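Engineer: Give me a model of this one.
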Amino acid sequence: MRHNKKFNHLGRTSSHRGAMLSNMSASLIMHKRIFTTVAKAKALRKVVEPIITRSKEDTTHSRRVVFSTLQNKEAINELFQNVSQKVADRPGGYTRIIKTGHRLGDNAAMCFIELVDYNEHMLKDSSTAKKTRTRRSRRGSSAAKVEETTTEANVSEVEKADVENVEPEETKAETTVIDETEPTTNQDVKDEPKTETE
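Structural biologist: You can find the predicted model right below:
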C-alpha cells in the first residue's frame, strides 16, 4: 500500500529525477518560460519557487544553497542579478502553469510554465482587472437604484402623455361600433342555416 505517498517519481530514479529538475530549473530561470508536461511542471514548481525565494537575500550562503540545487553558474548569476529584483515585492507564487492541450504521440497533457513577472501581457490584463473591480453588497448599488427610479419615472411620464393624447369621445365611439357589429354577425350566422333548410 502507498498511503500518504504523494511524491511523483515521474517514472525515474531519484538521481535521474533530481538531475532533470535541476536542468529544468536552470532553463526556466534563463529563458523565463519552458514547454513541458503538466506533471513535470508541477514537480518543477516545488523545486524552483523555494530557490527564487532564497535569491531575494543575496549572500554567500544563499548562493551556495542555490548552487547545490542548480549546479549552473550562469543561471545563478541571472537569478540573483535580474530575477530577484523583478520578484522582490511578490510574496510567493512566482510561476504560472498554462495548459496547452495534449501531445500527439502519447496524449500527455502539455503546458507552459513561466515566471509570472516576465509576462508583460498578463501583467497589463491583471492591472486593468484590479482597477475595474468593485465591492458587492446584498442591497445592490446606489447607481442601480437611481437608474431604476429614473426609468420608472420616464415610463410613468410616457403613460401619462399617452392617456392625455387620447380623447374620451373617440374611445366611446369605437366601443359602440364594436357593440353594433357583434349582434349583426350573430344574426347573419343564424339566418344562414334557415336558408339552407328552406
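
Engineer: Can I get whichever strand or helix holds residue 41 in CSV? Just the C-alpha atoms.
Structural biologist: Per DSSP states H and E, residue 41 falls inside helix 38-55. What follows is helix 38-55, C-alpha atoms only, in CSV (Å, rounded to 0.1, in the frame of the first residue of the first chain):
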residue,chain,number,x,y,z
VAL,A,38,1.9,19.1,-16.6
ALA,A,39,3.3,16.5,-14.3
LYS,A,40,6.9,17.7,-14.7
ALA,A,41,5.8,21.4,-14.4
LYS,A,42,4.0,20.7,-11.1
ALA,A,43,7.1,18.9,-9.8
LEU,A,44,9.3,21.7,-11.1
ARG,A,45,7.3,24.4,-9.3
LYS,A,46,8.1,22.8,-5.9
VAL,A,47,11.8,23.0,-6.7
VAL,A,48,12.1,26.4,-8.3
GLU,A,49,9.9,28.5,-6.1
PRO,A,50,12.0,28.0,-2.9
ILE,A,51,15.1,28.8,-5.0
ILE,A,52,13.6,32.1,-6.1
THR,A,53,12.6,32.9,-2.5
ARG,A,54,16.2,32.2,-1.4
SER,A,55,17.5,34.5,-4.1
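
Engineer: quick check: mean pLDDT across it?
Structural biologist: Per-region confidence: helix 38-55 scores 96 on mean pLDDT.

Engineer: what angle separates whichever helix or strand comes after it from helix 38-55?
Structural biologist: Per DSSP H and E, the first helix or strand lying C-terminal to helix 38-55 is helix 60-70. Helix 60-70 runs at 170 degrees relative to helix 38-55, counting by axes from the mean of the first three to the mean of the last three C-alpha atoms, to 10 degrees.

Engineer: Could you give me the buried positions within helix 60-70?
Structural biologist: By 16 or more other C-beta atoms under 10 Å, the buried positions in helix 60-70 come out as 62, 63, 66, 69, 70. Heads up, the C-betas are built off the backbone N, CA and C, glycines and all.

Engineer: And stretch 107-117, by the same measure?
Structural biologist: 110, 111, 113, 114, 115, 116, 117.

Engineer: quick one: which of those sit in strands?
Structural biologist: Among those, the ones falling in strands (DSSP state E) are 110, 111, 113, 114, 115.

Engineer: ok so, going back, which of the buried residues of helix 60-70 lies closest to residue 94?
Structural biologist: For the buried residues of helix 60-70, the closest approach to residue 94 (C-beta to C-beta) belongs to residue 66, at 13.9 Å.

Engineer: Does that closest one touch residue 53 like I think?
Structural biologist: No. With contact defined as C-beta atoms under 8 Å, residue 66 does not count as touching residue 53 (10.2 Å).

Engineer: show me where pLDDT drops low in the chain?
Structural biologist: Applying pLDDT under 70 to the chain flags residues 126-134, 140-198.

Engineer: Now do the strands in it.
Structural biologist: 33-37, 95-102, 109-115.
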